[in-house]
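*Asks:* Quick check, what structure comes out for this input:
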Amino acid sequence: MKPTSPAWLAKAIFYEIYPQTFFDSNNDGIGDLPGVIQKLDYVQSLGCNAIWLNPCFVSPFGDAGYDVADFYRVAPRYGTNADLQRLFREAHRRNMRVCLDLVAGHTSTAHPWFQASARPEKNKYSNWYVWTDNAWPKPKSNLDTVQGYSDRDGRYITNFFHFQPALNFGFARPNESWQLPVTHPDVQAVRAEMFKIMRFWLDQGADGFRVDMASSLVKNDPGFVKTMEWWKEVRAFYDEHYPDAILIAEWSSPCHAIKAGFHVDFLIHFNGLHYTSLFRYEHARDVFVQLPKYGHSYFDRKGQGDVSLFLKDYLRHLKATKGLGYISLPSGNHDISRLAQGRTRAELEVIFAFLYTQPGVPYLYYGDELGMDHIHGLTSKEGAYSRTGARTPMQWSRRRNAGFSKAAHKKLYIPIDPNPDRPTVQEQEKDPASLLHHIRRLAQLRQGQPVLGADASFSPLYARKNQYPFVYLRHDQQSEIIVALNPSAKPCRIVLRQKSTKQVQVLLSRDCVLAAKRRGMELTMKGISYGIFKIK
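*Replies:* Numbering: from 1, shown residues only. This is a model prediction of the structure:
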């Protein structure tokens, strides 16, 4: 694998769109692809030049589309294949990219492949899913199983919910008669089909895929050795046939994912990592996976967090992947609580100053640019459970249903935020001091200062355990930028033992002063403040 990426990726800022709650163009209460097309200019106005589109394929929607029943056809509620092709064309006309969501490790039980696999008689698809050879005993492994689904004598292995059977990518260490090695012809047939799916959509105009549960494919695979080998094959295929397309992992272990061939991996709340210690410890009940040891979020006005928890993970992965691919620290996604929950605009400004000045690739979850809130107490929709509150409709205006849809309120996919003071695009467009404009300024700054981009170096300058502020240096051969963040309500003053300089250019700042003194760089910060300074 060559440690190279398409040139466009280094300057990418992604926008995640949950299609069913973004914009409803036909007033049936569900967002759709023509609605996404109508809002492309808005997405571009945010400084976002790439889109990650959550699943849009045919599905019974037990898990909001992550239970695919046809990988080759757009779900009718979103539109048609022609609509998706038009989205690709319209995005490309604006020099934007569109990456689809690929659920590689499982399908819905409604998929024709699985329906055939569940038959008692042998057929082409019998081994396309992982079945035990007896319906009664539980397998000795820790794999989740479902029994009694059909007359086939066996249990099928699930990847997530009970209706999401695992596709058979083989076992790295088979130890039962029903466990096939990765070299088995039927396993190879599944893998060949996955190549076919990717090729189909890349030929239609897709710019790559975000891969759901990317580490889940090969079973009984200590260290992900065989799983990584598979993804290296995929990356070689991309490099040869689609060198301008990308692979994005939901792995949350960049040192595995990037070395396996992914161009980007999210450093999020899986695998015991401390992404959550930055923003979401106080709202842990809204995160659907088990978290590291609870504490206090670092980006919280109480000022009781510990940034060293995050840095311990982050710096290790950053070092391991330098020059090979990119880490993403997203503002959020459809699986975790909204970033704005319990926070003021000033607090969100500090957080986004952090997110937009990190190495790697920023990802902005739809509505986070407004400070959309996490809505509690909603009835679960399509397997969302506690995640439902992070998936409410985009808030476009003060009009009916926040401008998302003209449908009757009871027909909406998920209810809108009931707060009459909910933020909207319409209102924030008018206010130069709004969070929306703040994010636009940050995007413009990132694109205008290469040293704030994906590849420049990152070095902590002040990151002490249980202390504030957090200060770091972004630097390359041409430039140096110091970023200072004080999420705490308490003011602070420190001296950075940096070489003193006569010129400090303020790029963006809120209640923060950096001054060159004889003994070093003196930093004075009010509570809930940030500063981005170019050193000359």
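
*Asks:* so Asp101 is in which element?
*Replies:* Taking DSSP states H and E as the criterion, Asp101 maps to strand 97-102.

*Asks:* With Ala320 instead?
*Replies:* Assigned by DSSP H and E, Ala320 falls in helix 307-321.

*Asks:* Each with direction, which strands does the helix or strand that that helix is followed by pair with?
*Replies:* Using DSSP H and E, the next helix or strand after helix 307-321 towards the C-terminus is strand 326-328. In the sheet, strand 326-328 lines up against strand 264-266 (parallel) (DSSP bridges).

*Asks:* Could you report the separation of Asp485 from Gly371?
*Replies:* Just so we're on the same page, residue 485 is Leu rather than Asp. 18 Å (CB to CB, to the nearest Å). The way it works is simple: take the backbone N, C-alpha and C, and place the C-beta from them, glycine included.

*Asks:* next one: Pro60
*Replies:* From Pro60 to Gly371 the distance is 34 Å (CB to CB).

*Asks:* out of these two, which sits in the busier spot?
*Replies:* Neighbour count, other CB atoms under 10 Å: between Pro60 and Gly371, Gly371 has more, with 25 against 16.

*Asks:* coming back round to it: what's the helix holding Ala320 packed up against?
*Replies:* When contacts are defined as 3 or more CB pairs under 8 Å, 6 or more residues apart in numbering; DSSP states H and E, helix 307-321 sits against helix 254-257, helix 276-279, strand 326-328, strand 457-462.

*Asks:* Just give me how far the second one sits from the chain centre.
*Replies:* To tie it back to what came earlier, the one meant is helix 276-279. Distance, stretch centre to chain centre, for helix 276-279: 15 Å (CA atoms, centre = their mean, to the nearest Å).

*Asks:* Report pLDDT for Glu282.
*Replies:* Note on Glu282: pLDDT of 75.

*Asks:* So it belongs to a helix, correct?
*Replies:* Yes - counting by DSSP: H, G, I helix; E, B strand; the rest coil, one finds Glu282 located in a helix.

*Asks:* What is the neighbour count of it?
*Replies:* 18.

*Asks:* helix or strand for the closest residue to it other than its chain neighbours, which one?
*Replies:* Nearest non-adjacent residue to Glu282, counting by CB to CB, 6 or more residues apart in numbering: Ser297, 5.6 Å away. Using DSSP H and E, Ser297 falls within no helix or strand.

*Asks:* Now do the contacts for Ser297.
*Replies:* Listed by CB atoms under 8 Å, 6 or more residues apart in numbering, the contact set of Ser297 reads 276-282, 305.

*Asks:* what's the pLDDT at it?
*Replies:* The model's pLDDT for Ser297 equals 93.

*Asks:* One more: Leu473?
*Replies:* Looking at Leu473, its pLDDT stands at 97.

*Asks:* Assign it to helix, strand or coil.
*Replies:* At Leu473 the chain is in strand, as set by three-state DSSP.

*Asks:* Domains in the protein, by residue range?
*Replies:* Listed by automatic domain parsing, the domain ranges of the chain are 7-105+186-448, 107-166, 456-535.

*Asks:* What segments of the stretch 101-250 of the chain are strands?
*Replies:* 145-146, 156-157, 208-211, 246-249 (DSSP state E, counting those that start in this stretch).

*Asks:* Those into TSV, with extra columns for mean neighbour count, mean pLDDT and distance to Pro330?
*Replies:* TSV is the format used below for those (neighbours: other CB atoms under 10 Å; pLDDT from 0 to 100; distance: least, CB to CB, whole Å):
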stretch	mean neighbour count	mean pLDDT	distance to Pro330
strand 145-146	17	98	32
strand 156-157	23	98	29
strand 208-211	26	98	11
strand 246-249	27	98	11
